[in-house]
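[1] build the 3D model from these lines:
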Amino acid sequence: MKKLLFFTLLFAIHNLAFAVDSFSTLEERMSAREFQETGLGNLSAGELAALNEWLRSHSVATLENTRSSSAAANEVAGGDMRGLPNEPKDDSRGKVVSGNIEGSFDGWARKGDLFKLTNGMIWQQVEKDSFYIEPIENAAITIEKSLTGKWRLSLVGHKDKVKVVRIQ
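    This next block holds a predicted model:
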C-alpha cells in the first residue's frame, strides 16, 4: 500500500513538473505489472526521475522540438542545411544528399524509423512503407528532393524509395 501511495505521489509531482512537456514517463506508458516485472519498481525516486529525464532528452519528439535550434547551430557553423526547416532557397549543394547509414542497415519497416548517417544527419521515415534486405554495414544511400519539396531515401542500387524528413 505504501508503494502504491509513493508511486501515485511521484506520478502527481512528475506530472506537475512536466505539464507543458508532452513526454510520457515510464510510469505512464507501462502497466503496474510491467513496471514491476522490468524491475523499475526497485529504483529510487531519484534514479527513476533520472531515467525518465534521459528518455525525454533522447526521444524523437525532443529532437523534433530542437530542430530550429539545431538548424541555427548548423547555419552558424556553416553546416549542411539540406532537409531542415530553414533550408536556404538557393542551396548550391543541390537536391541530392549522398551518404552512408551508420552501422548495420536492413531496410525500413514503419513510419518513425530513424536513419542516422555517418555525416551526423538524422532522417526519419514519415510514411507507412517497408523494404527489407540482408543486413549491410554502412549502407550507401541517396536522399533526393522531389519537385514538390519532399525528400525520399533510397539504397544505392535499388529503386525502392521512402519519404523522409530531416530531424537533425
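
[2] alpha carbons only for contacts and neighbour counts from here, please
    Noted.

[3] low pLDDT regions in the chain?
    Across the chain, the ranges flagged by pLDDT under 70 are 1-24, 57-94.

[4] that one: strands as residue ranges?
    Under the criterion DSSP state E, strands of the chain are mapped to 96-100, 104-108, 114-116, 122-125, 131-137, 140-145, 151-155, 161-166.

[5] which of these sits closest to residue 39?
    Closest of those to residue 39 is strand 114-116, at 28.1 Å (criterion: Cα to Cα).

[6] tell me the strands beside the closest one, with direction?
    As defined by DSSP bridges, the strand partners of strand 114-116 come to strand 122-125 (antiparallel).

[7] need the CA coordinates for the partner strand. PDB is fine.
    Backbone C-alpha positions of strand 122-125 (Å, rounded to 0.1, in the frame of the first residue of the first chain) are rendered in PDB as follows:
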ATOM      1  CA  ILE A 122      19.400  12.000 -38.900                       C
ATOM      2  CA  TRP A 123      16.400  11.400 -41.100                       C
ATOM      3  CA  GLN A 124      13.000  10.000 -40.100                       C
ATOM      4  CA  GLN A 125      10.600   7.900 -42.200                       C
END
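
[8] contacting residues for the closest residue to residue 166 other than its chain neighbours?
    Using Cα to Cα, 6 or more residues apart in numbering and skipping the chain neighbours, the partner closest in space to residue 166 is residue 123 (4.2 Å). By Cα atoms under 8 Å, 6 or more residues apart in numbering, residue 123 lies in contact with 114-116, 164-168.
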